[in-house]
Structure formats: C-alpha cells, structure tokens
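1. this one's structure only:
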Ligand SMILES: NC(=O)C1=CN([C@@H]2O[C@H](COP(=O)(O)OP(=O)(O)OC[C@H]3O[C@@H](n4cnc5c(N)ncnc54)[C@H](O)[C@@H]3O)[C@@H](O)[C@H]2O)C=CC1
C-alpha cells in the first residue's frame with residue numbers, strides 16, 4: 001500500500017484541536033492492553049503526552065518529504081533505544097495509535113483513511129526500527145557521563161560540564177536528552193554548548209524552570225563527581241557549509257547554547273566569515289555567558305557580540321526585544337541565520353527576518369526545548 005499523505009493530514013487536522021484528550025486516550029489504551037509497557041515511561045506523563053503529539057505532528061507534516069521524514073525518524077528510532085524500545089513494541093503502539101485516530105476522527109473516518117494511517121505508521125515504524133537496529137552494536141543506547149565542572153552563573157542558571165565514559169560523537173548545534181539519578185525515566189533535552197573537543201567533554205547551559213524536574217536537579221542539586229545519563233545526539237542545526245556567507249546568530253537566554261557551539265566550530269574550522277551574535281536576556285545579570293563571549297570576540301576579530309537587554313530601561317547598552325532589535329541593523333538578507341531561544345521569540349524573529357527578505361532555506365532553527 002503506497003502512502004497517502006493527504007488523507008493522513010486531513011484526518012489528523014480533525015484530531016489536533018483535541019490533541020490533549022487524544023494523547024491521554026492513546027496512553028490509557030496502550031497501558032490497558034499492555035500493562036508491561038508502563039514501566040518504560042516516567043511516573044508523570046504530562047510532558048510525554050505533549051511530546052507524542054509534537055512528534056506525530058512532525059511526522060504527519062513530513063510525509064510528503066521522504067528525506068526529512070527519514071532523517072527525523074532515524075534520529076527518533078536511535079533515541080528510543082534508551083527507553084528499551086524493541087521491534088515487538090511497535091505493533092502494540094501501532095494498534096493503540098490506530099484506535100486513537102479512529103476514535104477522535106470518527107466523523108470523517110473511512111476505510112481509505114484507515115488504510116492510509118496503517119501504511120504511514122508501518123513506514124514510520126520501519127524507519128525507526130531500521131535506524132535502531134543499525135545502531136545496535138555500533139554505539140550505546142545511552143551514555144553515562146560524569147559531572148566534571150558545575151558553575152552557578154545566576155541563581156537559576158548553571159553551566160555544567162560533563163565527560164561521557166565513552167566517546168559521544170556529535171555535530172555542533174545538536175542536543176542530547178539528559179536523565180538524572182533523582183528522576184528515573186525522565187529525560188529532558190539540552191543543547192550541547194561547545195564544538196566537539198579532544199577531551200570528549202560537553203557543556204550544557206541549564207536554567208532551572210519552575211516544575212522542571214531535570215533542569216532544577218541539574219542547576220541546583222548537582223555536584224562535581226555526580227553521574228548523569230545522556231541519550232544520542234539529535235537535531236538538524238549544523239554549522240554552515242564551508243565557503244558560505246557571513247553569519248547572524250540570534251540567541252535568547254539559554255538558547256545561546258547551540259549557537260555558541262556553532263560559532264566555536266566555525267572558528268575552529270579556520271574560516272573567517274563575519275559573525276554577528278545578538279545575545280538577549282531580560283536583565284544584564286541574566287547575560288550569564290557574556291564574559292566568555294567577550295573573550296571569544298577579542299580572540300577572533302571577525303566575531304561581533306551584541307548583548308541586548310529587554311527588561312531594564314536603565315541598561316547602558318542595546319535595549320529591546322530580540323525580534324525588533326534584529327531589524328534595527330542593516331539587512332541580513334545575504335547572511336546565513338541561526339535563531340534559538342524561547343519559542344515565541346524564535347517564531348517572531350524568523351517571521352520578521354523572512355519579511356526582510358532572508359530566504360527560509362538560510363534560516364536555521366531547531367525544535368524548541370520548552371518543556372524541561
Ligand atoms: N538550555 C538549552 O540548551 C536550550 C534552551 N532553549 C530554549 O531557550 C529558551 C531560553 O529561555 P530563557 O533563558 O528562560 O529566556 P528568557 O525568557 O530569559 O528570554 C531570553 C530572551 O528572549 C527574549 N524573549 C523572551 N520571550 C519573548 C517573546 N515572547 N518575544 C520576543 N522576545 C522574547 C527576552 O527578551 C530575552 O532577550 C527556553 O525556551 C529553552 O527551552 C533552546 C535550545 C537550547
């Protein structure tokens with residue numbers, strides 16, 4: 001049966017407005033029929049439910065672009081090894097998913113839609129299983145890493161350096177999921193804030209957010225010598241191709257992390273593009289990484305760091321919100337642009353850049369990390 005993305009998208013759009021209820025039904029059904037699977041998931045399922053729908057939305061919307069679907073599902077399949085997902089689990093998940101879409105799209109459901117969902121799920125599961133299988137025996141399902149440095153830069157933000165016990169290959173701009181001993185089976189994504197290093201260490205920029213189990217543990221209750229677990233590297237943001245254009249990076253808060261990695265990688269490559277980094281925070285005290293960035297700027301004259309403060313009228317420097325401040329400069333239409341930070345900031349900045357003539361293909365952003 002060939003894929004029919006149109007039928008899947010149309011029926012999915014009926015479910016999207018009731019995504020929360022549908023996700024609750026999906027997990028209820030999955031665990032009722034397969035109680036042994038419950039122990040693979042965290043005790044609190046709220047974040048998990050949101051993730052199911054954001055992954056599903058991404059898969060459904062990439063059904064007509066096979067390359068991006070294959071790359072996303074390949075990463076997802078490799079990442080799911082850390083939960084202990086095995087090929088036999090895909091049948092149970094597929095049955096619960098089909099029962100869920102059938103129920104929540106009942107008003108429009110037909111045999112053709114059912115066939116389209118079965119074909120789409122089988123194709124997606126096949127890509128995930130194949131990627132997981134190819135990785136088995138080649139690299140671990142997760143990495144144990146020791147905390148080798150922990151700096152509290154503000155009451156809420158820590159820069160944490162970890163050293164995996166085995167080499168963890170990644171590309172600047174990618175992120176990893178992190179699990180702490182305190183919260184078994186709870187994984188949260190954090191970008192790697194450095195380019196690959198010979199000593200294999202990774203830096204994470206962590207803001208402790210209210211209700212954020214992993215972020216609060218990492219920022220406030222973690223010490224040098226503690227062990228954490230890391231999932232495989234994920235994400236599509238990567239340094240620009242050699243020989244390409246000047247670069248603009250727009251970083252909001254700890255969204256700086258992957259952009260700093262990309263800048264480090266450009267500098268390490270020996271290339272000399274002009275790089276502008278607009279680095280925004282609500283107050284000057286929240287510019288937690290500014291001294292380090294200024295050191296990079298003085299060592300690499302092609303980098304210009306512009307701190308921007310949005311919430312302090314007395315700040316003696318550039319003031320304003322990042323989307324507007326980005327527009328205050330000359331046109332960025334010829335630049336390669338990277339944007340990372342709070343979802344609303346990223347969305348608005350990208351919208352304005354496009355209005356100002358930056359082609360979408362030259363704007364790089366990644367999934368948001370908003371739940372932690
Ligand atoms: N820690 C990490 O590894 C990564 C974090 N992120 C995301 O980056 C974000 C960073 O959050 P915080 O540090 O708490 O940032 P924040 O809330 O302190 O804001 C940082 C900057 O973004 C601007 N901003 C915030 N909301 C805005 C809006 N609605 N419209 C326009 N500008 C806005 C602020 O003015 C400020 O300049 C989080 O959403 C996080 O999920 C993304 C990638 C990696």
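-> That came through fine. Nothing here was measured: the structure is a model prediction, and the numbers come from that model. Residues are numbered from 1 along each chain as shown.
2. Going by C-alpha atoms from here, please, whenever you check contacts or count neighbours.
-> Noted.
3. can you tell if stretch 253-272 touches the ligand?
-> Yes - among the residues of stretch 253-272, 253-255, 257 lie within reach of the ligand under C-alpha under 6 Å from any ligand atom.
4. So which residues of the stretch 151-300 of the chain form strands?
-> For the stretch 151-300 of the chain, the strands defined by DSSP state E, counting those that start in this stretch cover 157-164, 175-180, 188-191, 202-207, 227-230, 247-252, 275-281.
5. Check what contacts stretch 225-245 and list those residues.
-> Residues outside stretch 225-245 that contact it (C-alpha atoms under 8 Å, 6 or more residues apart in numbering) are 75, 78-79, 82, 141-148, 168-181, 262-263, 265-266, 271, 273, 334-336, 364-367.
6. Where does the prediction get shaky in this structure?
-> Along the chain, segments meeting pLDDT under 70 span 1, 367-372.
7. need the residues of it near the ligand, please.
-> Residues of the chain lying near the ligand by C-alpha under 6 Å from any ligand atom: 190-191, 205-206, 252-255, 257, 280-282, 309-310, 321-323, 340-345, 368-370.
8. how does it look with 5 Å?
-> Residues of the chain lying close to the ligand (C-alpha under 5 Å from any ligand atom) are 190-191, 205-206, 252-255, 280-282, 310, 321, 341-342, 344-345, 369-370.
9. Buried subset of those residues, written for PyMOL?
-> Buried members of the residues of the chain next to the ligand, defined by 16 or more other C-alpha atoms under 10 Å, are picked up in PyMOL with:
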select buried, resi 190+191+205+206+252+253+254+255+280+281+282+310+321+341+342+345+369
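10. Let me see the domain layout of this protein.
-> 5-137, 143-234, 247-365 (the TED database).
11. what would those look like in a markdown table with distance to residue 240?
-> Putting these into a markdown table (distance: least, C-alpha to C-alpha, whole Å) gives the following:
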| stretch | distance to residue 240 |
| --- | --- |
| domain 5-137 | 18 |
| domain 143-234 | 10 |
| domain 247-365 | 7 |
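12. In this structure residue 77 contacts residue 124, no?
-> No - in this structure residue 77 lies outside contact range of residue 124 using C-alpha atoms under 8 Å: 9.5 Å.
13. So these two - more neighbours on which side?
-> The neighbour comparison of residue 77 against residue 124 (other C-alpha atoms under 10 Å) goes to residue 77, with 23 against 20.
14. Name the SS class of that one, please.
-> For residue 77, the secondary structure call by DSSP: H, G, I helix; E, B strand; the rest coil comes out as helix.
15. residue contacts, the residue nearest to it when sequence neighbours are not counted?
-> Counting by C-alpha to C-alpha, 6 or more residues apart in numbering, residue 128 is the residue found nearest to residue 77 once chain neighbours are left out, at 3.9 Å. By C-alpha under 8 Å, 6+ apart, residue 128 lies in contact with 73-78.
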